[in-house]
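Q: sequence below, structure please.
(chains A and B)
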Amino acid sequence: MSMADVQFEDLPGLMGLMTGAEKHGPAATSTLDAIWVLYDRVLRATPETVEAQDRDRFLLSKGHGPMAYYAVLAAKGFLDPQVLPSFGAYDSPLGHHPDRTLVPGVEIASGSLGHGLPLGVGTALGLRAQGLTDPAVWVLIGDAEFDEGSNHEAVAFAGAYGLDRLHVLVIDNSSATHGWQGGIAARFAAEGWSTATVDGRDHEALYRAFTAEHPGRPHAVVARVEPKNA
Amino acid sequence: MDTMRDRFIDITTRLLDDDPRLALVLADISAASFAPAKERHPDRVINVGIREQLLIGAAGGLALTGLRPIAHTFASFLVERPFEQVKLDLVHQGVGAVLVSAAGSYDWPAGGRTHMSPGDVALLDTLPGWTVHVPGHPDEAEQLLRHAYADGDRNVYVRLSAHQNAAPVPVEPGRFTTVRKGSRGVVLAVGPMLDVVLAATEGLDVTVLYAATVRPFDAAGLRAAVQDTRADVVLVEPYLVGTSANEAHAALADRPHRVLALGVPREEHRHYGSVPEHLAAYGLDAASLRERIAAFMW
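A: All right, here's what the predicted structure looks like:
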């Protein structure tokens, strides 16, 4: 497959090249539409700019089920699609959780839940401290990952600090054991964040939510998809 | 005399003016003292509140953007509470930070166990690549902090304590210093333990080595010291007993040797009181040390 004109419809084919993490399958497909829309239409990040200081950053915090992520990276030219079948093998750069030191364009090594958002806070602070007020920092977390207390440290701080170049994309597939009564967006809103909750399969709705203005405030997009165990 | 923590605040405040790469992350501890620095560098002096996981995670993120982060709070909250963040947000990301602690193992006995961290260096020993400085005097702390800030992107832990020696020792980062020469064996005094080790070994025919940097462990320095003595080594450390025993054994692996490790015991001492009372309870006062060292070497 040529990567020149890959469309969303081609991603399942790329994902099909990866086998061996079927237990994370629902986790992988839950993120597919949202990651695609981000990389296809929102993020200013390309294979040519992976080292550029003013690139946008996408931090996949929910490292479980990274097949959608790898498929999008392949579709966008960060990865050679020929490595996809090596997924999880000893010499493969593609683990069942991503490693930033092995894959160009992967901003953080993740897997242990609750680390991406604090790293995203530091990244946004670091860019601001260097006068780089333009690049956006996006962190993808899952609704069950939101259980981790470290996320709540980051949400409260970023809201109070007005860290407006920080963005969180929450993939909500109702997988949190005790759920989040009233919805996850309410937690962000209570800490002063701009929020939007959308259908995580609706590309236009995702795009509008991703590009909503949020002056002076960090922004959280909750993308609701079908429940994990439906 | 000022404390190591005072010196840390002074020198870091000054270096933030000079080095645009430095960024300081706080979790309320020492935040008031850094108010002037924050006023001058609002984007590089960041207080995240009482959020220690975020303290280390944010330091990792700052490092990912190319800055040199310094993270500071009490040792128990800097290393022990967010240990997974230290492991993943710094080491596993392949980035570095300088962690500067205060309070150590027994600085505030009246504060009780929650504010004691005798296991910090042993915990960092479970991770690759850390440099660990344990200065014994504010002058040494200043020198080692300057070195740590400029030490590329390495992960460096600087362990500051209210317990300190009366005078500084000329130190070279990463090297042990020979303070006294003898022939019956070597006593390695780490950081604030030097004064009490010198008092305990007064008149004894032993070499006293001084370590203000314990990781990497100066194996060559220890090997050189035992060339002139019996290969009997006593470690006197201001944190968990035995923390450097493996390093000493590894340094002397190719020759018969003995190692006696002294330090803060694993058992909790459910007493408040003062630093001298705790050192005596741990067997780390001069009289106890003299007895234990002499019993081992003679």
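
Q: quick check: B:His137 vs chain A, distance?
A: 32 Å (C-beta to the nearest C-beta, to the nearest Å). Placement of C-beta: from N, CA and C, glycine included.

Q: how many other residues sit next to the residue lying closest to that residue once chain neighbours are set aside?
A: Leaving out its chain neighbours, the residue that sits closest to B:His137 by C-beta to C-beta, 6 or more residues apart in numbering or on different chains is B:Pro168, at 4.0 Å. Neighbours of B:Pro168 under the rule other C-beta atoms under 10 Å in any protein chain shown: 18.

Q: can you tell me the SS state at B:Pro168?
A: coil (DSSP: H, G, I helix; E, B strand; the rest coil).

Q: quick one: residues contacting it.
A: B:Gly136, B:His137, B:Pro138, B:Asp139, B:Glu140 (C-beta atoms under 8 Å, 6 or more residues apart in numbering or on different chains).

Q: okay, now the fourth one: neighbour count?
A: A count of neighbours around B:Asp139, defined by other C-beta under 10 Å, yields 19.

Q: so for it, what's the pLDDT?
A: Listed pLDDT for B:Asp139 reads 98.

Q: that one - that's part of a helix, no?
A: Yes: the assignment for B:Asp139 by three-state DSSP puts it in a helix.

Q: can you give me every residue that contacts it?
A: B:Asp139 touches B:Arg7, B:Pro168, counting by C-beta under 8 Å, 6+ apart.

Q: what's the answer for the third one, then?
A: Taking C-beta under 8 Å, 6+ apart as the criterion, B:Pro138 is in contact with B:Met1, B:Asp2, B:Thr3, B:Met4, B:Asp6, B:Arg7, B:Gln164, B:Pro168.

Q: so which bits of chain A are right by chain B?
A: A:53, A:100-101, A:107-109, A:112, A:114-115, A:117-130, A:149-150, A:153-154, A:156-157 (C-beta under 8 Å from any C-beta of the partner chain).

Q: those in strands, which ones?
A: The members of the residues of chain A next to chain B all map outside strands under DSSP state E.

Q: what's the distance between the residue nearest to B:His137 and B:Ala212?
A: Using C-beta to C-beta, to the nearest Å, B:Pro168 is found at 9 Å from B:Ala212.

Q: cool, and B:His115?
A: B:His115 is 23 Å from B:Ala212, by C-beta to C-beta.

Q: if you count surrounding residues, which of the two has more?
A: For B:His115 versus B:Ala212, the count of surrounding residues by other C-beta under 10 Å is larger for B:Ala212: 28 against 18.

Q: B:Leu144 is in contact with that one, correct?
A: Yes: between B:Ala212 and B:Leu144 a contact is recorded at 6.4 Å, counting by C-beta atoms under 8 Å.

Q: now the common contact residues for those two.
A: B:His133, B:Pro135, B:Val171, B:Pro173.

Q: residue ranges for the strands of the chain, please.
A: No chain was given, so I picked chain A. Counting by DSSP E, the strands of chain A are A:57-60, A:137-142, A:166-172, A:194-199, A:219-224.

Q: my question was about chain B, not that one.
A: B:22-26, B:45-47, B:68-74, B:98-102, B:131-133, B:156-159, B:177-180, B:186-190, B:207-211, B:213-215, B:232-240, B:258-264.

Q: any stretches of chain A with poor pLDDT?
A: Applying pLDDT under 70 to chain A flags the ranges A:1-4, A:20-27, A:230.

Q: all helices of it, in order?
A: Along chain A, the stretches classed as helices by DSSP state H are A:11-16, A:25-30, A:32-37, A:67-75, A:116-129, A:149-161, A:184-190, A:203-210.

Q: hang on, the earlier thing: from the residues of chain A next to chain B, which would you call buried?
A: A:100, A:107-109, A:112, A:114-115, A:117-130, A:150, A:153-154, A:156-157 (16 or more other C-beta atoms under 10 Å in any protein chain shown).

Q: residues near residue 174, how many?
A: Assuming you mean chain A. 15.

Q: looking at chain B here, not the other one
A: 17.

Q: do I have it right that A:Arg201 meets A:Ile171?
A: No: applying C-beta under 8 Å as the test, A:Arg201 and A:Ile171 come out as separate, 11.1 Å apart.

Q: neighbour count: these two, which is higher?
A: Comparing A:Arg201 with A:Ile171 by neighbour count (other C-beta under 10 Å), the higher total belongs to A:Ile171, at 26 against 15.

Q: bridging residues for that one?
A: Counting by DSSP bridges, A:Ile171 is bridged to A:Gly142, A:Ala223.

Q: what sits against it?
A: So A:Ile171 contacts A:Ser30, A:Thr31, A:Ala34, A:Lys62, A:Leu140, A:Ile141, A:Gly142, A:Asp143, A:Gly200, A:Ala223, A:Val225 (C-beta under 8 Å, 6+ apart).

Q: this completes my enquiry, with thanks.
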